[in-house]
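S.K.: Need coordinates for the following:
(chains A and B)
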Amino acid sequence: KAGVTQTPRYLIKTRGQQVTLSCSPISGHRSVSWYQQTPGQGLQFLFEYFSETQRNKGNFPGRFSGRQFSNSRSEMNVSTLELGDSALYLCASSFGTGVDQYFGAGTRLSVL
Amino acid sequence: GESVGLHLPTLSVQEGDNSIINCAYSNSASDYFIWYKQESGKGPQFIIDIRSNMDKRQGQRVTVLLNKTVKHLSLQIAATQPGDSAVYFCAEGEGQTQGGSEKLVFGKGMKLTVNP
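M.R.: Numbering: from 1, shown residues only, chains lettered A, B, ... in the order given. Model prediction:
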């Protein structure tokens, strides 16, 4: 069974641009969560989607948004990029309630 | 690979030793705890979990201990191997939200280095 796939693996953007990251969950998993990982703050929860609906949301500004498609694939978007958005963005999928989350390898975003 | 733990506390052990990684959690209402391992260039990998109604759970070479009185969680790795070198995170599940999902809050992590 294929694991969680995140694309692209690396991205370089400049301040003010916007970016879209993609996540394909494990087949059969309907919950997708997104996290931001930085050396200073660690892993921070962004939001979680289940059956195309956002079920839970962390404490990030509105520039961070996401969506989920009917095939459970998910995208997250960051608009008006800031230098502080440079981070590893991780996606995790689970079958239902969000426990037993399986992580992808992440997308490394660098904002210059 | 990506550098995950530039500012992390580090534990260095010799191959074959037992390792203990500790974690303090914040929410006394958390009902679910998980340990993850993250190797360079990879996402976190599930190791073992424990429910709040338990105080000990054993897996293969790993044991998790939960002390709810002092809100402390530990991961014990027996006969540590070089392949165990990674960053280890604890996470607490704060219970299902109104939306029905389990929100996980992660600790800062600890870097384990195993010397051959």
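
S.K.: A:Trp34 is in contact with A:Gln54, isn't it?
M.R.: No. Using CB atoms under 8 Å, A:Trp34 makes no contact with A:Gln54, being 10.4 Å away. Glycine gets a C-beta too; all of them are placed from N, C-alpha and C.

S.K.: Looking at those two, which has the bigger crowd around it?
M.R.: Counted by other CB atoms under 10 Å in any protein chain shown, A:Trp34 and A:Gln54 do not tie: A:Trp34 has more neighbours, with 24 against 15.

S.K.: Excluding chain neighbours, give the residue nearest to that one in space.
M.R.: A:Leu46 (4.1 Å; CB to CB, 6 or more residues apart in numbering or on different chains).

S.K.: where does that neighbour fall, helix, sheet strand or coil?
M.R.: strand (DSSP: H, G, I helix; E, B strand; the rest coil).

S.K.: Check which helices and strands the lowest-mean-pLDDT helix or strand in chain B sits against.
M.R.: For chain B, using mean pLDDT, DSSP states H and E, the weakest element among its helices and strands is strand B:102-106, scoring a mean of 79. Here strand B:102-106 touches strand A:42-50, strand B:32-38, strand B:86-96, going by 3 or more CB pairs under 8 Å, 6 or more residues apart in numbering or on different chains; DSSP states H and E.

S.K.: Out of these, which gets nearest to B:Thr63?
M.R.: Nearest to B:Thr63, of all the helices and strands packed on strand B:102-106, is strand B:32-38, at 10.3 Å by CB to CB.

S.K.: Quick check: neighbours shared by A:Trp34 and A:Gln54?
M.R.: The contact sets of A:Trp34 and A:Gln54 overlap at A:47-48, A:66 (CB atoms under 8 Å, 6 or more residues apart in numbering or on different chains).

S.K.: ranking these by neighbours, who comes first?
M.R.: Neighbour-wise, the shared contacts of A:Trp34 and A:Gln54 (other CB under 10 Å) top out at A:Glu48, 29 neighbours.

S.K.: What residues does residue 45 make contact with?
M.R.: This is for chain A. A:33-35, A:56, A:58, B:103-106.

S.K.: To clarify, I was referring to chain B.
M.R.: By CB under 8 Å, 6+ apart, the contact list for B:Gln45 reads A:103, B:36-39.

S.K.: any idea whether the closest residue to A:Thr7 other than its chain neighbours is helix, strand or coil?
M.R.: In space, A:Thr7 comes closest to A:Ser22 once its chain neighbours are excluded; the distance is 4.9 Å by CB to CB, 6+ apart. Following three-state DSSP, A:Ser22 is assigned to strand.

S.K.: Point out the residues in chain A that sit beside chain B.
M.R.: A:4, A:31, A:33, A:35, A:37, A:39-40, A:42-45, A:48, A:50, A:53, A:55-56, A:88, A:90, A:92, A:97-106, A:108 (CB under 8 Å from any CB of the partner chain).

S.K.: Write the PyMOL selection for whichever of these are buried.
M.R.: Buried subset of the residues of chain A next to chain B, written as a PyMOL selection, criterion 16 or more other CB atoms under 10 Å in any protein chain shown:
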select buried, chain A and resi 4+31+33+35+37+39+42+43+44+45+48+50+55+56+88+90+92+97+98+99+100+101+102+103+104+105+106+108
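
S.K.: Okay then, goodbye and thanks.
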